[in-house]
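1. Just need the structure, nothing else, for what follows:
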Amino acid sequence: MKQAAGPRTRFGAWLARPLASFHLIVTITGLLTVLGLVMVLSSSSVEAYADSGSAYGIFTTQLIFVALGTVLFYVALLLPVRVMRTMALPAFAVSVVLLALVLIPGIGTLSGGARRWFTLGPLSFQPSELAKVTLVVWGAHLLASRRQNASIKEMVVPLVPAALLVCVLIVLQPNLSTTIAFGIILASLLWFAGLPLRLFLGIVGAGAAAALVLALTAGYRSDRVKAYLNPGADPQGIGYQGRQAKFSLADGGLFGRGLGQSRAKWSYLPNSHNDFIFAIIGEELGFLGCMLVIGLFALFVYAGLRIAMRSIDPFLRLLTATATTWILAQALINIGYVIGLLPVTGLQLPLVSAGGSSIAITLFMFGVIANAARHEPEAVAALHAGQVGRFGRMLRLPMPEQYSPARAEAARKAAQAKAAQKRAAQQRAAQQQRAAAPPPRRRAVAGRPAPDPRRADPRRGRALASDERTRRSNGRTGERGFRR
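-> A predicted model of the protein is given here:
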């Protein structure tokens, strides 16, 4: 019995607390962000010094975006659920417009053969990162607004066409790795919404086939596939980056060479602070450091799915489950191609890799998940009972609202009634416009005389009153022997 009351039971008792999910998400976010800052400083110092003469150039930019992301994290905690759902469609529309604008020369910045960024002085912004979050929020709102026994058409339209439009815009940049991320988001939304398995597998199969075709058509993408299938074919060319990443991991061993002691960052491993930062973690912190990163992401997945399962709001359930799946898949893809299990795609390690707009938007998404944790039924009851805690009092977060299925159903019916009234008003306006429009004049056909306008007189064929007969006869009725 004493062994049963050990740390495992105490950890289980801590998880049983009402706000355990919220504190877990906040802690994981902080640990991954701090680890990312430390590793970006270590892995980018050599390259930054060679480019600008300062070892802190890339780290300073990352620190600025982390500060911005921290503000966005706090803003996400303050957002009420109803505001999130109200702003979902406008935010998604804005992100689509930005994706279209970035393709225009002179507006979007061309770098490395791709046009993906807006540049504002020393800072750059990638609109595809914003589009990920807006698609998650709008898709969850759209699917949660459907009735329980919604048809397949209601689940697929307009979500799938809108997601395909976004994917086309991103392919034009070109950016296949982000397109894969959007495919994962769309598949997660449809899966957690309960799309039939046969149709779900068909959509996933079609997406995988399209990704394979895109991967084999472009030159640099097909080179990555060739390097994955035969890494030893060109060790100094297309296989160089993956080969150096494996050397870095092997050089770290179990405990690593020590923080800041990487040798691969001395221009041996390209993008060591960005796409391949996991290799530097393995070299400096060893196998234990890699397992720490993987363990933090595993704990995040546990917390995210726990929040989704404990939520009674369909919107928050879909939102949290989809966001958790997306972040997990991106982390697994990044780690997978660093260790050689997957072809190189360019997806970053969330909260760890260097990338301004990526870390800022990802921190906002983590804030949304933390906000959903505060809307668990037990958390809402505890907060309204006064169990705010020192952390909550310090942040001064608003009280979450208890989800009511009856109120949500009433709001859904009211929205449907409002939409029906709007359609009816538009139909009535169209009918009135058609009725008020003058009838079209008939044109004379060649070889046929024009119709007599008197034939169109509506009074034709009716008996005329005596005064009318008098007026039309110009007063000559008496001359013909008729009485007036």
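2. Surely residue 48 touches residue 62?
-> No: here residue 48 does not reach residue 62: they are 10.5 Å apart, not a contact under CB atoms under 8 Å. C-betas here are computed from N, CA, C, even on glycine.
3. What are the buried residues along the helix or strand hosting residue 74?
-> Taking DSSP states H and E as the criterion, residue 74 maps to helix 57-78. Of the residues in helix 57-78, those with enough neighbours to count as buried (16 or more other CB atoms under 10 Å) are 57-59, 61-62, 65-66, 68-70, 72-73, 76-77.
4. same check, this time on stretch 145-160
-> Across stretch 145-160, burial judged by 16+ other CB under 10 Å covers 145, 155, 156, 159.
5. same check, this time on stretch 394-404
-> By 16+ other CB under 10 Å, the buried positions in stretch 394-404 come out as 397, 400, 403.
6. What are the phi and psi values at the closest residue to the last one other than its chain neighbours?
-> This points to residue 403. Leaving aside its chain neighbours, residue 403 sits nearest to residue 313 (4.2 Å; criterion: CB to CB, 6 or more residues apart in numbering). For residue 313, the backbone dihedrals (degrees, to the nearest 10) come out as phi -80, psi 120.
7. Neighbours of residue 313, how many?
-> Per other CB atoms under 10 Å, the neighbour tally for residue 313 reads 21.
8. From what I see, it and residue 404 are in contact.
-> No: assessed by CB under 8 Å, residue 313 is found out of contact with residue 404, at 9.5 Å.
9. any idea how far stretch 176-184 is from the chain center?
-> Remark: stretch 176-184 is offset 11 Å from the chain centroid, using CA atoms, centre = their mean, to the nearest Å.
10. So what touches the helix or strand hosting residue 153?
-> Assigned by DSSP H and E, residue 153 belongs to helix 152-156. Residues outside helix 152-156 that contact it (CB atoms under 8 Å, 6 or more residues apart in numbering) are 143, 146, 147, 190, 193, 194, 195, 196, 199.
11. can you rerun that using 10 Å?
-> Here helix 152-156 makes contact (CB atoms under 10 Å, 6 or more residues apart in numbering) with 142-143, 145-147, 150, 189-190, 193-196, 199, 203.
12. Could you do stretch 300-307 as well?
-> Taking CB under 10 Å, 6+ apart as the rule, stretch 300-307 contacts 15, 20-29, 31-32, 316-317, 319-325, 327-328, 331, 350-351, 366, 369-376, 379.
13. for this structure, which residue is closest to the average position?
-> Geometric centre of the chain, nearest residue: residue 132, 2.4 Å, by CA atoms, centre = their mean.
14. That one should be in a strand, yeah?
-> No: Residue 132: not assigned to a strand; according to DSSP: H, G, I helix; E, B strand; the rest coil it is helix.
15. so how far is the longest strand anywhere in the chain off the chain centroid?
-> Assignment by DSSP state E gives strand 114-120 as the longest strand of the chain. Chain-centre distance of strand 114-120: 19 Å, with CA atoms, centre = their mean.
16. so what strands line up beside the helix or strand that it is followed by?
-> Downstream of strand 114-120, the first helix or strand assigned by DSSP H and E is strand 123-125. Here strand 123-125 is paired, per DSSP bridges, with strand 114-120 (antiparallel).
17. residues in contact with the partner strand?
-> Residues outside strand 114-120 that contact it (CB under 10 Å, 6+ apart) are 98-99, 101-105, 107-111, 123-129, 170, 172-175, 178, 220, 346, 356-357.
18. Mind checking which of these are buried?
-> By neighbour count, with 16+ other CB under 10 Å, the contacts of strand 114-120 hold 98-99, 102, 108-109, 124-129, 170, 173-175, 178, 346, 356-357 as buried.
19. Mean pLDDT per helix and strand in the protein: which one sits at the bottom?
-> Taking mean pLDDT, DSSP states H and E as the measure, the chain has helix 466-472 as its least confident helix or strand, at a mean of 51.
20. Show me the shaky parts of this structure.
-> Low-confidence segments of the chain (pLDDT under 70): 1-8, 147-148, 218-220, 406-416, 419, 439-484.
21. Mind jotting down where the helices sit in the stretch 101-250 of the chain?
-> Taking DSSP state H, counting those that start in this stretch, the helices of the stretch 101-250 of the chain run over residues 127-144, 152-156, 159-171, 176-193, 197-217, 219-229, 240-252.
22. what helices or strands is the fourth one leaning on?
-> When contacts are defined as 3 or more CB pairs under 10 Å, 6 or more residues apart in numbering; DSSP states H and E, helix 176-193 sits against helix 127-144, helix 152-156, helix 159-171, helix 197-217, helix 219-229, helix 314-338.
23. Check the contact between residue 141 and residue 193; I expect there is one.
-> No: Residue 141 is beyond contact range of residue 193, at 11.6 Å (criterion: CB atoms under 10 Å).
24. Identify the contacts common to those two.
-> The overlap between the contact sets of residue 141 and residue 193 (CB under 10 Å, 6+ apart) consists of 314, 318.
25. ok, now how distant is the residue nearest to the centre of the chain from residue 258?
-> Applying CB to CB, to the nearest Å, the value for residue 132 to residue 258 is 36 Å.
26. for residue 42, same thing?
-> Per CB to CB, residue 42 is found 10 Å from residue 258.
27. neighbour-wise, which of these two wins?
-> A direct count of neighbours by other CB under 10 Å for residue 42 and residue 258 places residue 42 higher, at 23 against 12.
28. Am I right that the more buried one sits in a strand?
-> No: according to three-state DSSP, residue 42 belongs to no strand; its state is helix.
29. helix, strand or coil for the closest residue to it other than its chain neighbours?
-> Using CB to CB, 6+ apart and skipping the chain neighbours, the partner closest in space to residue 42 is residue 260 (5.0 Å). When classified by three-state DSSP, residue 260 comes out as coil.
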